[in-house]
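Asks: what follows is a predicted structure for the sequence shown.
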Amino acid sequence: MSASKNSSSFRKFRRLGMAGALGACLLAGALPAAFAQGGTPLRLLVGFPAGAGSDAIARTLGEKLKDQLGVPVVVENRAGAGGQIAAQALKASPADGHTFFLSHDHTISILPLVVKNPGFNPAADFVPVAGFATFANVLAVSGGTPAKSFDEYIKWVRTQRGGKETIGIPAPASIPEFLVKMISDKYKLDIQSAPYRGSAPMTADMLGNQISAGIASVPDFIENHKAGKVRIIATIGAKRQALLPQVPTFTELGFANLEDLPYYGIFAPVGTPQPVIDRFGDALSKVLAMPEVKDKLTGMGLTVGYEPQGQFAGRVRTYTQGWEKIIQSSGFKPL
């Protein structure tokens, strides 16, 4: 090779090397200062009050995420309106990688279908970061209710309550409300929903035998179920829950279109740099692989499994489309 060609090749190699170094610097620069040791704490928004299932999950993950990311992770409860307030706070937050939102399906998939102006549009305002679990909504009866099974509960409502009863739900226009309607319609009973501001006050009324039954998630009921203070008698999903092998699914009981499980995941404001999303997702996958974390979340009634951004986005889309059909067929009019 001639000296001129050799010199030309060297210059080309140097340019490529400098371009690669510049790209690496830009990638590092895209990560917020919050991901630098000692940086600004990350906010992890939760749409429900302290003590609720979502709050306990967020604090379990946040404690380990801080070690993976190298900065404090502060759980910020923006409770109210079924997560609507927290979602609005996420939308208003700058897309700088300092704010994330831990949410389940109700806020992301259901609220936009049942509220005319929720103040946010998940498809336009948020970007999915990763999914980390699925769970089941379940029907539970209070300790003062004599029924030990779903069939016994229906018989009790028909014969002892004159066909009229009230079932507690954590929020109006939620999946639990639609489940109540499906139960009432199927058995031709007059069962009404009693909306609460979250599962915690609803469960408190169940423990006090002020209402005979409630519908919420497994994490909301599982500890009281184990203690015998409430009894879970039916669950959604294609198969029985691992923690509840004796409890039949609504599908087994003759209900249709209740196989898809609700999800839990992390969301960020739209425009959040992709390197930030990738970094957070990688940290979350490592946290979920920790036996102590997986065991704790499983004990809360979750089916734990990391879903990367693309896969999780697909789950959210499919789940939303499925419930859109159910809600429209029910004749429900957005509030």
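Replies: Perfect, I can see it now. Numbering: from 1, shown residues only.
Asks: so what's the closest residue to residue 205 other than its chain neighbours up against?
Replies: Using CB to CB, 6 or more residues apart in numbering and skipping the chain neighbours, the partner closest in space to residue 205 is residue 211 (5.0 Å). To be clear about C-beta, it is placed using only N, CA and C from the backbone, and glycine gets the same treatment. Counting by CB atoms under 8 Å, 6 or more residues apart in numbering, residue 211 touches 142, 166-168, 194, 202, 205.
Asks: what do you get for residue 303?
Replies: Contacts of residue 303 (CB under 8 Å, 6+ apart): 133-135, 241-242, 261.
Asks: ok, what's across the strand from it?
Replies: residue 134 (DSSP bridges).
Asks: in the host helix or strand of residue 176, what counts as buried?
Replies: Using DSSP states H and E, residue 176 falls within helix 175-187. Neighbour-count burial for helix 175-187 flags 175-184 (criterion: 16 or more other CB atoms under 10 Å).
Asks: now that helix: how far from the chain's centre is it?
Replies: 22 Å (CA atoms, centre = their mean, to the nearest Å).
Asks: for it, which outside residues touch it?
Replies: Residues contacting helix 175-187 (CB under 8 Å, 6+ apart): 105-106, 110, 137, 139, 154, 158, 167, 169-171, 189-193, 195, 214-216, 236, 250, 254-255, 258, 262, 323, 326-327, 330, 332.
Asks: include pLDDT, neighbour count and distance to residue 96 when you put the contacts of residue 211 into CSV, please.
Replies: Shown next, in CSV, are the contacts of residue 211 (pLDDT from 0 to 100; neighbours: other CB atoms under 10 Å; distance: CB to CB, whole Å):
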residue, pLDDT, neighbour count, distance to residue 96
142, 97, 22, 46
166, 97, 17, 46
167, 98, 25, 43
168, 98, 25, 40
194, 97, 18, 41
202, 95, 25, 37
205, 97, 15, 42
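Asks: out of these, list just those in helices.
Replies: Counted as lying in helices by DSSP state H, out of these, are 202, 205.
Asks: farthest pair in the contacts of residue 211?
Replies: Pairwise distances across the contacts of residue 211 (CB to CB) peak at 12.5 Å, for the pair 142 and 194.
Asks: only C-alpha atoms, please: export stretch 185-195 in PDB.
Replies: Provided in PDB are the C-alpha atoms of stretch 185-195 (Å, rounded to 0.1, in the frame of the first residue of the first chain):
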ATOM      1  CA  ASP A 185     -77.200  -9.300  34.900                       C
ATOM      2  CA  LYS A 186     -76.200 -12.900  34.700                       C
ATOM      3  CA  TYR A 187     -78.100 -14.000  37.700                       C
ATOM      4  CA  LYS A 188     -80.900 -11.400  37.300                       C
ATOM      5  CA  LEU A 189     -80.300  -9.800  40.700                       C
ATOM      6  CA  ASP A 190     -80.300  -6.200  41.900                       C
ATOM      7  CA  ILE A 191     -76.700  -5.900  42.900                       C
ATOM      8  CA  GLN A 192     -75.400  -2.300  43.000                       C
ATOM      9  CA  SER A 193     -71.800  -0.900  43.200                       C
ATOM     10  CA  ALA A 194     -70.700   1.100  46.200                       C
ATOM     11  CA  PRO A 195     -67.700   3.200  45.000                       C
END
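Asks: rewinding a little: tell me how far the residue nearest to residue 205 lies from residue 82.
Replies: In this view, residue 211 and residue 82 are 19 Å apart by CB to CB, to the nearest Å.
Asks: check contacts around residue 224.
Replies: Contacts of residue 224 (CB under 8 Å, 6+ apart): 203, 206-207, 230.
Asks: can you list the domains in the chain?
Replies: 35-134+262-329, 137-235 (automatic domain parsing).
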